[in-house]
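Trainee: Let's see this in three dimensions:
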Amino acid sequence: MGVEVKKHILVVDDDRAIRDSLKRYLTDHDFRAHCAPDGDTMNRLLAKHTFDLVILDLMLGGEDGLTLARRIRERSDLPIIMLTGKGDEIDRIVGLEMGADDYLPKPYNPRELLARIKSVLRRADNTWLVTQGDASPEEVAHFGGWELDLAKRKLSSPEGKPIDLTSGEFDLLSAFVRHPQRVLSREQLLDYAGGHARFPFDRSVDIQVMRLRRKVEMNPQDPELIKTVRSAGYTFTPKIEWN
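Mentor: This is a model prediction of the structure:
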């Protein structure tokens, strides 16, 4: 039997006591863990090691967690759980807009954090199970010059350029292309794109739509592909061709 590789967690927090206690807790629960007090140290560790998830404090002494989350998301789809002492919903929403996968306010119960870590890691593992070989019929969708390969989880622009999508953005776009030209409520989109386990917050769908529009719309402020239907939800307007 092979040896199971432990998941590797990076903890970014400027409070040494929190870093040390969280590292011990993660180690006791069969994770590998490194810690960083600031963005510079985080960058060095990310360059040196391969991590499976980042736990990122929002209120850091230097660069804040939102800036660091944006930097991580520009380079990869590495899962991010944000921690913060603030209770304002705006901070939660902005964190999700920056690409965080989950959010937990301080003070938190370590068991709840552990459950969220396991949930995010399961979603990430399931998301990146890529089908080998060529896509089977009806797994490549074409719309308005765009190409979405469901088997390979790849999106190409009308110019043929690959477009990086987070796992949540891909799942949402997949839901849209499978149900085009229909008004879909937020609850329907939750069901089609993975449910509340994938989108855990009330405004998660709206945030993912906003992020997706930035990548596929010529003018995200005046969208043509993903239309808002007031008091009802969203509709994906293009005609879909499959091969």
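
Trainee: how many neighbours does Ser157 have?
Mentor: The burial metric for Ser157, expressed as a neighbour count using other Cβ atoms under 10 Å, is 13. Heads up, the C-betas are built off the backbone N, CA and C, glycines and all.

Trainee: Next up, the contacts around the closest residue to it other than its chain neighbours.
Mentor: Closest residue in space to Ser157, ignoring its immediate chain neighbours: Ile163 at 5.7 Å, by Cβ to Cβ, 6 or more residues apart in numbering. Contact criterion Cβ atoms under 8 Å, 6 or more residues apart in numbering gives 155-157, 215-216 as the residues in contact with Ile163.

Trainee: at 6 Å what do you get?
Mentor: 155, 157, 215 (Cβ atoms under 6 Å, 6 or more residues apart in numbering).

Trainee: From the residues you listed, pick the one nearest Met82.
Mentor: Taking Cβ to Cβ as the measure, Lys215 is the one of the contacts of Ile163 closest to Met82, at 21.6 Å.

Trainee: hang on, that closest one in a helix?
Mentor: Yes. Secondary structure assignment (DSSP: H, G, I helix; E, B strand; the rest coil) places Lys215 inside a helix.

Trainee: Roughly how far does the closest residue to it other than its chain neighbours sit from Asn219?
Mentor: Across the structure, with Cβ to Cβ, 6+ apart as the measure, the residue nearest Lys215 apart from its sequence neighbours is Ile163 (5.6 Å). From Ile163 across to Asn219, the span is 16 Å (Cβ to Cβ, to the nearest Å).

Trainee: And for Ala47, the neighbour number?
Mentor: Residues near Ala47, counting by other Cβ under 10 Å, number 7.

Trainee: mind checking the SS state of it?
Mentor: Reduced to three states with three-state DSSP, the structure at Ala47 is helix.

Trainee: Please report how far Thr84 lies from Arg116.
Mentor: Distance check for Thr84 against Arg116: by Cβ to Cβ, it reads 14 Å.

Trainee: Helices of this structure, residue ranges please.
Mentor: Listed from the start of the chain, the chain has helices (DSSP state H) covering 16-28, 39-48, 65-75, 89-97, 110-127, 167-178, 186-193, 195-198, 204-216.

Trainee: Lowest average pLDDT across those?
Mentor: Within those, the least confident segment by mean pLDDT turns out to be helix 195-198, at a mean of 54.

Trainee: Domain map for this protein?
Mentor: In terms of domains, the chain is parsed into 8-127, 140-242 (source: automatic domain parsing).

Trainee: Run through the residues that contact Leu155.
Mentor: 148, 163, 165.

Trainee: Can you tell me which of the residues you listed is closest to Asp40?
Mentor: Looking at those and their distance to Asp40, the nearest is Leu165, at 28.7 Å (Cβ to Cβ).

Trainee: Just the pLDDT for that closest one.
Mentor: Here, the pLDDT recorded for Leu165 equals 89.

Trainee: So for the protein, which residue is the most central one in space?
Mentor: Within the chain, the residue whose C-alpha comes closest to the C-alpha centroid is Asp101; the distance, by Cα atoms, centre = their mean, is 4.5 Å.

Trainee: Contacts only, for that residue.
Mentor: By Cβ under 6 Å, 6+ apart, the neighbours of Asp101 are 79-80, 120.
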